[in-house]
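# Next come a sequence and a model predicted from it.
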Amino acid sequence: MPAAQAKPRLVLATSAASLAVLLVAGCSGTDSEGAAHPEATATEGSRLDEILDRGSLQVCTTGDYRPFTFLDSDPDEFTGIDVDMARDLADDLGVEIEWTRTTWDDLMEDFLAGCDVAVGGISVNTERAQRVYFSAPLMEDGKTPITLCENVDDYRTIEQINQPGVRSIMPSGGTNQVFAEEHYPDGDLVTHDNNTIFDEIVAGRADVMTTDASEVLWVANEYEELCAVNPEEPFDFFEKAFMLPRGDDVFKHYVDQWLTMALNDGTYDRIVEPWFGEDVQL
């Protein structure tokens, strides 16, 4: 990465105030006539109890989105920031972890079919929030381009990218495709497999990709030919979090409490640092 390229600061959501639900233990849950309120039995039937009884945490992930999730062929195992965080959550629960590999197209349906948690750089949006809970956020993020270092000035704005002949590459499914189709209707959109997508830019078969600033920082750290474009000023804003079963406040509360501790006791920093290099301040 050229020295002239600014290194932005990724903002982690570490405040306990970000927790959406705080269940107060020991509440009687009765009204003035002694009748029980529905929340008095809120702890019954939680996914938390199912996980503890089962002895395993079932986790959905795509395995194709470094630095958050990637399936290595040798050995055949998942690696990545969110993968290691999921392992830490399973350790905290005292259970084994079982992986379900999915795709961005099938993520929601596979999760709803039986996973306890979905991880892997998942962006929070209202469409997904209609069907699932999200954990407290791990990171603030936004869409930003990445291209060959000599072409950075050509793709600083949406208007520059949304031009005939500009080949914007993207994986199928997920928020990158949604963003590209919405903002680059006049450009040439190219779909490619997510594992080797940046090689296409290096090889000259695509011009630019717009993806999460966090991924852009990792890629720029891995490819000397590629540079992030304005990662400190992304085109939009969103947060990254884990998907959880909708309506299960007890399990969400547990995950949020674990996450708050991990974000503040050095666990998350230790997991993140190898992926972004020393120059990215978290």
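Looks like it came in fine.
# Packing partners of the strand or helix carrying residue 216?
For residue 216, the host element (DSSP states H and E) is helix 213-222. Judged by 3 or more CB pairs under 8 Å, 6 or more residues apart in numbering; DSSP states H and E, the packing partners of helix 213-222 are strand 139-141, strand 143-148, strand 226-228, helix 267-276. C-beta here means a position set from N, CA and C on the backbone, and glycine is covered the same way.
# List the buried residues for that helix?
213-221 (16 or more other CB atoms under 10 Å).
# Pick the one among the residues you listed closest to residue 240.
Closest approach between these and residue 240, by CB to CB: residue 214, at 7.3 Å.
# Distance check, the closest one against residue 147.
17 Å (CB to CB, to the nearest Å).
# quick one: contacts for residue 69?
Residue 69 makes contacts with 61-63, 78-80, 82-83, 119-121, as judged by CB atoms under 8 Å, 6 or more residues apart in numbering.
# Identify the bridge partners of it.
On the basis of DSSP bridges, residue 69 is bridged to residue 65.
# First-to-last residue distance for stretch 88-104?
End-to-end span of stretch 88-104 (CA to CA, to the nearest Å): 24 Å.
# quick revisit: show me the contacts of residue 69 that map onto helices.
82-83 (DSSP state H).
# Show me the shaky parts of the stretch 151-282 of the chain.
Applying pLDDT under 70 to the stretch 151-282 of the chain picks out residues 277-282.
# Which residue ranges of it form strands?
Using DSSP state E, counting those that start in this stretch, the strands found in the stretch 151-282 of the chain span residues 167-170, 188-191, 208-212, 226-228, 238-240, 243-245.
# got TSV for those, with mean neighbour count too?
Output for the strands of the stretch 151-282 of the chain, formatted as TSV (neighbours: other CB atoms under 10 Å):
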stretch	mean neighbour count
strand 167-170	22
strand 188-191	14
strand 208-212	25
strand 226-228	23
strand 238-240	20
strand 243-245	22
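# what residue is smack in the middle of this structure?
By CA atoms, centre = their mean, the chain has its centre lying nearest to residue 121, at 1.8 Å.
# Just to check, that residue is in contact with residue 212?
Yes - at 6.7 Å, residue 121 counts as touching residue 212 under the criterion of CB atoms under 8 Å.
# buried residues in stretch 186-206?
Buried-residue list, stretch 186-206, by 16+ other CB under 10 Å: 187, 190, 192, 194, 197-198, 200-201, 206.
# With stretch 171-178 instead?
Result for stretch 171-178 [16+ other CB under 10 Å]: buried residues 171, 173-177.
# Mind listing residues that contact it?
Here stretch 171-178 makes contact (CB under 8 Å, 6+ apart) with 64, 103-107, 123, 125, 143, 170, 191-194, 197, 209-212, 238.
# Correct me if wrong, but residue 89 is in a strand.
No - using DSSP: H, G, I helix; E, B strand; the rest coil, the assignment for residue 89 is helix, not a strand.
# do you know how far it is from residue 63?
18 Å.
# Any chance of CSV for the contacts of residue 69, columns pLDDT and distance to residue 97?
Below are the contacts of residue 69 laid out as CSV (pLDDT from 0 to 100; distance: CB to CB, whole Å):
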residue, pLDDT, distance to residue 97
61, 97, 11
62, 95, 16
63, 93, 14
78, 95, 9
79, 94, 13
80, 95, 13
82, 98, 12
83, 97, 9
119, 98, 11
120, 96, 14
121, 93, 18
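# Quick one, which of the strands of the stretch 151-282 of the chain gets closest to residue 99.
Nearest to residue 99 among the strands of the stretch 151-282 of the chain is strand 243-245; the distance by CB to CB comes to 14.7 Å.
# OK, contacts around the closest residue in space to residue 162 that isn't next to it in sequence?
Distances taken as CB to CB, 6 or more residues apart in numbering place residue 184 nearest to residue 162, at 4.5 Å, with adjacent residues excluded. Contact analysis of residue 184 by CB under 8 Å, 6+ apart lists 158, 161-162, 166, 168, 210.
# Can you tell me which of these is nearest residue 57?
residue 210 (33.1 Å).
# how close does that closest one get to residue 248?
Distance from residue 210 to residue 248, by CB to CB: 34 Å.
# now do residue 100
18 Å.
# I'd say residue 255 and residue 90 touch.
No - here residue 255 lies out of contact with residue 90, judged by CB under 8 Å, at a distance of 11.5 Å.
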